[in-house]
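Asks: coordinates only, sequence not included:
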């Protein structure tokens, strides 16, 4: 039976690329036709020779010259909208991961899952359409959903504190800017992180970046 679906793979870890090539080598329904180690090369490849599927990582780089992370997903969605994106990631925060679906991602697989799980994701996307979550990602999402209450959305003031803090403002600068005490700003930041299930400043900045608010 001829291979019917073409795949581009992209990851900055050589062993990930090797594992993917080994996995798909003996699978009749898929054919890897290109590989790359960064978002720029993946985009160039897809612009020249679009494939049915693209498996890519989700490096959350905030370097302005980079097209990794959210910037990469946005560009891929804009430039090659017909390519079905499969996210293979070590990122483990559900709020960030679920946002990836807004940028054209069809399936999300954790690098903690068995390598065969990426094959299941590709088969699901090609045969059934819709969205696909690997077991690890599904578990993360279910745990997050069960812990989130109906009033878990940030208040406007909390959202603004998150935006300003993630943009590089200190708590003192935010307090002065909004004519409030540092204690008040600190409490609003803490409450926002608790609602989001975020435990570190780095993760908070990544969350704000994933929403495109910084």
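Replies: Right, received. Where do you want to start? Just so we're clear, the structure is a prediction, and the values are computed from it rather than from any experiment.
Asks: output the lowest mean pLDDT helix or strand found in the protein.
Replies: The least trusted helix or strand in the chain, going by mean pLDDT, DSSP states H and E, turns out to be helix 94-99, with a mean of 78.
Asks: what does that helix contact?
Replies: 60, 70, 87, 89, 91, 108, 137, 140-141, 143-145, 196-198, 206-207, 210-211 (CB atoms under 8 Å, 6 or more residues apart in numbering). From N, CA and C alone the C-beta is placed, and that goes for glycine too.
Asks: one more: stretch 162-182?
Replies: With CB under 8 Å, 6+ apart as the criterion, stretch 162-182 contacts 154, 160-161, 184-186, 189, 192, 201, 204-205, 207-209, 213-214.
Asks: now the two most distant members of these.
Replies: Longest distance between any two of the contacts of stretch 162-182 is 25.0 Å, between 184 and 209; criterion CB to CB.
Asks: these two: who's more crowded?
Replies: Ranked by neighbour count (other CB atoms under 10 Å), residue 184 and residue 209 place residue 209 first, with 19 against 15.
Asks: now do the same for that one: helix, strand or coil?
Replies: Secondary structure state of residue 209, per DSSP: H, G, I helix; E, B strand; the rest coil, is helix.
Asks: now it: how far from residue 118?
Replies: Look at residue 209 and residue 118: by CB to CB, to the nearest Å, they are 25 Å apart.
Asks: what of residue 200?
Replies: Taking CB to CB, one finds residue 200 at 28 Å from residue 118.
Asks: ok, those two, which is more surrounded?
Replies: With neighbours defined as other CB under 10 Å, residue 200 and residue 118 compare such that residue 118 has more, 25 against 9.
Asks: which residue packs closest to that one, ignoring adjacent ones?
Replies: For residue 118, ignoring the flanking residues on the chain, the nearest one in space by CB to CB, 6 or more residues apart in numbering is residue 109 at 5.1 Å.
Asks: what are the bridge partners for that neighbour, then?
Replies: residue 88 (DSSP bridges).
Asks: which ones are touching it?
Replies: Contacts of residue 109 (CB under 8 Å, 6+ apart): 86, 87, 88, 89, 117, 118, 121, 134, 137.
Asks: so among these, where is pLDDT lowest?
Replies: Ranked by pLDDT, these bottom out at residue 89, which has 91.
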